[in-house]
Structure formats: structure tokens, C-alpha cells
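I would like the atomic coordinates for the input below:
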Amino acid sequence: MNLSEYKTAFDEVAADYERTVSDFGLAFEGEESQPRRSRFGNAAWACENCGKSLRGGNGWVSPGCLACRTGERTVTFFISLKCPKNCYFCFNPNQEDYELYRRECRDAVGELEQAHAAGAAFDCIALTGGEPLLHFDETRAFFEKARDLYPNAHTRLYTSGFELDAARMDALRESGLREIRFSIKLEDSEAEHRAVEERMRIAVDHIPDVMVEMPVIPGTLDEMRELLEKLAAWGLKGINLLEFCFPLGNAEAFKERGFTLRKQPFDVLYNYWYAGGIPVAGSEAEALELLRYAKERGLDIGVHYCSSDNKNTGQLYQQNSVLPRMQAATGRYRAYRFDGDDYLIKCAKAFGTDVARVGEALEKLAQIQGGIEWSVENGVIAFPDRLIDDVRACVPDVEIGVSLNVLEPAFEGANMREVGIVSGS
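Model (predicted):
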């Protein structure tokens with residue numbers, strides 16, 4: 001077995017995934033139209049979170065967006081999943097107990113109190129929905145409680161602007177609200193657009209941080225450019241451009257608009273918690289164009305592109321960052337390391353006839369460096385990827401791959417799951 005043959009298993013998993021997802025009614029594009037490498041090396045934006053988050057415009061970005069990357073000290077609550085909108089791309093139906101919370105409300109204040117009593121520390125606290133402003137009194141009470149329990153936390157509200165006026169904005173600010181994120185639906189009527197635009201203009205004078213969060217829907221580039229110009233002129237702090245996703249439902253609405261799924265939907269294929277769905281082809285290309293446009297026009301507004309990959313790094317961090325503590329406590333997985341850049345767990349691997357030669361090289365290196373761990377299983381040798389150059393110095397023609405892994409909770413401790421392998425340079 002060699003590296004190419006070893007990769008075949010992951011290629012088969014990807015092909016099976018594509019067949020399974022296609023059964024939901026939307027096809028994948030034939031060829032990859034937007035390789036992820038196009039995110040890197042462009043002066044129109046700063047490339048962050050291993051290229052999954054791009055920051056453009058004047059550079060402003062919400063503290064909530066920064067905290068989302070690891071999911072540390074940040075939390076989001078909702079009161080209900082009821083909403084006056086009927087967006088064909090809404091992924092709330094994927095949420096657990098969706099139908100229940102369309103009818104009933106959660107005690108968001110009580111849940112926040114319970115978290116505080118349990119010792120949870122938060123720097124960012126959010127309230128989403130559904131539409132939180134369907135429950136204005138409860139929304140205001142939530143931010144009052146957040147202010148009392150976590151006076152230094154950055155608080156934010158996700159809303160379509162439902163029945164929001166200056167008096168309500170003042171009440172929310174006084175309750176402790178720091179940031180408001182408006183969602184805009186381009187397919188709404190002109191009257192609906194005017195209403196939410198007026199609310200955003202008013203909010204700038206009443207709420208400290210006012211921004212927009214919305215998906216970049218392929219085919220809407222002209223409308224989005226015009227929106228960027230408006231938001232900058234009105235003094236909004238920023239816009240969070242989301243990669244548009246298919247929520248595994250309502251396929252006909254996507255098909256009739258000519259959408260297909262992104263050929264390589266995820267940077268690393270895995271079972272992610274984020275319920276948003278599968279990225280749609282063309283969304284990222286238009287998001288990058290909007291970043292370029294903001295740079296060319298010198299727009300005084302923060303423009304942030306949040307890719308679907310960016311939505312998943314918090315999960316990877318939460319699962320994988322415990323590796324050093326596990327290694328210290330149990331001695332397991334000594335050949336692996338937690339990568340603090342992309343939050344994956346990695347080790348180097350060699351195969352077939354290279355196993356014995358790599359083993360000999362590692363024995364020599366261990367005599368010099370000490371403390372080197374490796375293992376051989378099923379004709380594959382695994383060793384720390386920091387030693388790739390040293391091994392190659394001993395065995396110049398060896399073929400080495402870098403194994404990508406996720407630490408998954410198990411009945412007893414945690415198990416390592418390999419999710420991919422790339423060539424080790």
C-alpha cells in the first residue's frame with residue numbers, strides 16, 4: 001500500500017457522501033468552481049482562521065465573529081423558533097425540537113441564570129430565533145439579565161427588524177444590548193426593503209454596533225454591491241457575508257433558481273453540528289467579489305466573509321483542544337498533536353515498504369533527540385509530523401502523508417477518528 005492507495009478510502013467516503021446528499025434533490029456541480037486556494041494572497045482582504053474567515057472593507061469585525069472561531073466563552077440562546085418570514089433557505093427546521101419551539105417558548109433568562117450558577121464564563125452572549133422581537137418583553141429581560149450577570153460581555157441580537165422602532169431600540173440599549181444584526185431578504189417586496197432600511201438607519205443612532213448578516217445568494221451580485229454602498233453611507237459598522245447553503249430541504253426552490261451544490265463542500269469532510277446545510281456553488285465566488293468591491297471603492301464598513309468551513313471550526317476546537325490534557329493524563333496518542341491553527345489533530349504516516357525504513361530512521365532520531373513516540377498498525381507507521389523533515393533527511397525518497405484527525409467522545413474517554421490525509425511536504 002502507498003499514500004495514493006491509502007487516500008482512496010477517503011475518496012470513496014466523499015463519493016458516497018455526494019450520492020447520499022444528492023438524494024435530497026439537489027445535484028453537485030460537475031467541477032470545482034471555486035478552489036479554496038483562491039482565498040489566499042489577495043490584498044483586498046485579510047485571510048484569517050486558516051483561510052476560512054476573510055476580513056475586508058475597513059477591517060472592523062464583531063467580537064462575536066472572533067469568538068465563534070473556537071466557541072470559547074461565547075453562547076447563543078433563543079426564545080422560540082417562530083418567525084414571520086418564510087425564507088426558502090431557512091435551516092431552522094434542522095434544529096432539534098423545531099416544531100415544538102415554533103409553538104412554545106424556552107426560558108432563555110432561566111437558562112442563562114443556570115449557566116452562571118454552574119460557573120460558566122462568557123465574553124459574548126447572543127439571542128437569536130426565529131424572530132426574538134416577536135417576544136419583545138422577554139428579549140429585553142434577557143439582555144437585562146445578561147448585563148447583570150456578565151456586565152463586561154458583548155451582547156448581540158439577531159433580527160429581521162420586526163416592529164422595531166426608536167423607542168424599542170432605546171429600551172434594548174438600556175437593557176444592555178451592544179450589537180444588533182439585521183437580516184435582509186433580497187426577495188422581499190420593495191416596501192419591506194424600505195422598512196428594514198429605515199430601521200437600520202435609525203438603529204445607528206441608538207445601538208452601539210449595527211450590522212447586517214445575510215447569505216450571499218448566487219446571482220445577486222449587483223444588488224449586494226448596491227447594499228454595501230448603502231450600509232457604508234448610513235454608518236453601519238459591518239456586514240457578515242455568509243456562504244449560502246442548502247438545508248437539505250425545499251430542494252425544488254433551489255432547483256428552480258438554478259442552484260447546484262459546491263463540489264468540495266467542506267475543507268475536511270466530517271459530521272459537523274452546524275445545521276446550516278451544504279454550501280451552494282457560486283456563493284463564495286460572489287462573496288470574494290464583494291470583498292474586492294469594498295476595497296476598490298474604499299467603503300468605510302467592515303466586510304467579513306464567513307465561509308461554511310468557518311462555521312465548523314468551533315466544533316473542531318471544542319473536540320480536539322483537549323488532546324494535550326488527555327496525553328498528559330493517559331499517555332494515549334503521543335504521536336499526535338493538536339494544531340492550533342486549523343484545530344485538527346495531526347500525525348505523519350508512511351506505508352508499505354517505507355514502514356521499516358521510517359522505523360529505522362525514527363530509532364536513530366530517538367537516540368539523538370529522545371522522547372519520540374511512534375506506532376505501527378496494519379502496515380502503517382504513525383509518528384509526530386514535526387519529524388517529517390528529519391525522517392526525510394535519513395530516508396530521502398520516502399513517501400509521507402499527514403493524517404487529519406478528530407477526537408470524538410466515547411463511553412470511556414475519547415477515540416481518534418481519521419478524517420483525511422494529505423501529502424506531507
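
neighbours around residue 200, how many?
23 (other C-beta atoms under 10 Å). All C-beta spots, glycine's among them, are computed from the backbone N, C-alpha and C.

which parts of the helix or strand harbouring it are buried?
Following DSSP states H and E, one finds residue 200 within helix 190-203. For helix 190-203, a neighbour-count test (16 or more other C-beta atoms under 10 Å) marks 193, 195-197, 199-203 as buried.

of the residues you listed, closest to residue 56?
residue 200 (20.0 Å; C-beta to C-beta).

find the nearest non-adjacent residue to the closest one, please.
Spatial nearest neighbour of residue 200, chain neighbours left out: residue 182 (5.6 Å); criterion: C-beta to C-beta, 6 or more residues apart in numbering.

redo the buried residues of helix 190-203 as CSV? Include pLDDT and distance to residue 59.
Formatted as CSV, these follow (pLDDT from 0 to 100; distance: C-beta to C-beta, whole Å):
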residue, pLDDT, distance to residue 59
193, 94, 28
195, 94, 30
196, 96, 26
197, 95, 24
199, 97, 26
200, 97, 21
201, 97, 23
202, 97, 26
203, 97, 21
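
helices of the stretch 251-400 of the chain, residue ranges please.
Counting by DSSP state H, counting those that start in this stretch, the stretch 251-400 of the chain has helices at residues 251-255, 283-297, 308-320, 323-330, 354-369, 388-394.

do you know which of the ones you listed lies nearest residue 53?
Smallest distance to residue 53 across those (C-beta to C-beta): 4.8 Å, for helix 308-320.

by contact count, what packs against that closest one?
When contacts are defined as 3 or more C-beta pairs under 8 Å, 6 or more residues apart in numbering; DSSP states H and E, helix 308-320 packs onto helix 63-68, strand 400-409.

give me the three-state assignment for residue 157.
When classified by DSSP: H, G, I helix; E, B strand; the rest coil, residue 157 comes out as strand.

tell me the confidence at it?
In this model, residue 157 is scored at 98, pLDDT.

that one: how many residues sit nearby?
22.

that one against residue 132, yeah?
Yes: if you go by C-beta atoms under 8 Å, residue 157 and residue 132 touch, sitting 6.2 Å apart.

which neighbours do the two have in common?
residue 139 (C-beta atoms under 8 Å, 6 or more residues apart in numbering).

if I pick residue 217, what's in contact with it?
Neighbour list for residue 217: 89, 186, 244, 280, 283 [criterion: C-beta under 8 Å, 6+ apart].

next, count neighbours for residue 220.
18.

for it, which non-adjacent residue is closest in space?
residue 186 (5.5 Å).

with pLDDT and neighbour count as extra columns, can I get the contacts of residue 217 in CSV?
Listed next are the contacts of residue 217 as CSV, based on pLDDT from 0 to 100; neighbours: other C-beta atoms under 10 Å:
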residue, pLDDT, neighbour count
89, 95, 20
186, 94, 13
244, 98, 26
280, 98, 26
283, 98, 26
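
now, the most widely separated pair of these?
Distances among these were taken as C-beta to C-beta; the most separated pair is 186 and 280, at 14.6 Å.

tell me the secondary structure at residue 421.
strand.

what sits opposite it in the beta ladder?
Here residue 421 sits in beta bridges with residue 403, going by DSSP bridges.

OK, contacts around it?
By C-beta under 8 Å, 6+ apart, the contact list for residue 421 reads 3, 6-7, 10, 349, 401-404.

and the residues you listed, which are buried?
Neighbour counting by 16+ other C-beta under 10 Å classes 3, 6, 10, 349, 401-404 among the contacts of residue 421 as buried.

between those residues, which is closest to residue 252?
Nearest to residue 252, judged by C-beta to C-beta, of the buried ones among the contacts of residue 421 is residue 10 at 32.2 Å.

pretty sure the closest one is touching residue 420, no?
Yes: taking C-beta under 8 Å as the definition, residue 10 is a contact partner of residue 420 at 5.4 Å.

which residues do those two both contact?
Contacts common to residue 10 and residue 420, judged by C-beta under 8 Å, 6+ apart, are residue 269.

which pLDDT value goes with residue 409?
For residue 409, the model assigns a pLDDT of 87.

revised request: answer the last question for residue 425.
pLDDT for residue 425: 71.

that one: neighbour count?
8.

do the same with residue 295
Neighbours of residue 295 (other C-beta under 10 Å): 16.

cool, and residue 355?
17.

and the gap between the nearest residue to it once chain neighbours are set aside and residue 370?
Closest residue in space to residue 355, ignoring its immediate chain neighbours: residue 381 at 4.5 Å, by C-beta to C-beta, 6+ apart. For residue 381, the distance to residue 370 equals 19 Å [C-beta to C-beta, to the nearest Å].

and the closest residue in space to residue 63 that isn't next to it in sequence, bridged to which residues?
With C-beta to C-beta, 6+ apart as the criterion, residue 63 has its nearest non-adjacent residue at 4.5 Å, and that residue is residue 154. Counting by DSSP bridges, residue 154 is bridged to residue 124.

look at residue 154 and report its pLDDT.
pLDDT for residue 154: 98.

how near is it to residue 161?
20 Å.

show me what the lengthiest helix in the chain is packed up against.
Determined from DSSP state H, the single longest helix within the chain is helix 3-22. Counting contacts by 3+ C-beta pairs under 8 Å, 6+ apart, helix 3-22 is packed against strand 345-351, strand 400-409, strand 414-423.

in stretch 96-114, what's buried?
In stretch 96-114, counting by 16+ other C-beta under 10 Å, buried: 101, 106, 108-109, 112.

now that stretch: average pLDDT?
pLDDT averaged over stretch 96-114 gives 95.

so how far is that stretch from its chain's centroid?
Stretch 96-114 sits 23 Å away from the centroid of its parent chain (C-alpha atoms, centre = their mean, to the nearest Å).

tell me which residues are up against that stretch.
With C-beta under 8 Å, 6+ apart as the test, stretch 96-114 has contacts from 77-82, 92, 95, 125, 127, 130, 135, 138, 141-142, 145-146, 149.

so of these, which ones are in strands?
Those of the contacts of stretch 96-114 mapping onto strands are 77-78, 125, 127, per DSSP state E.
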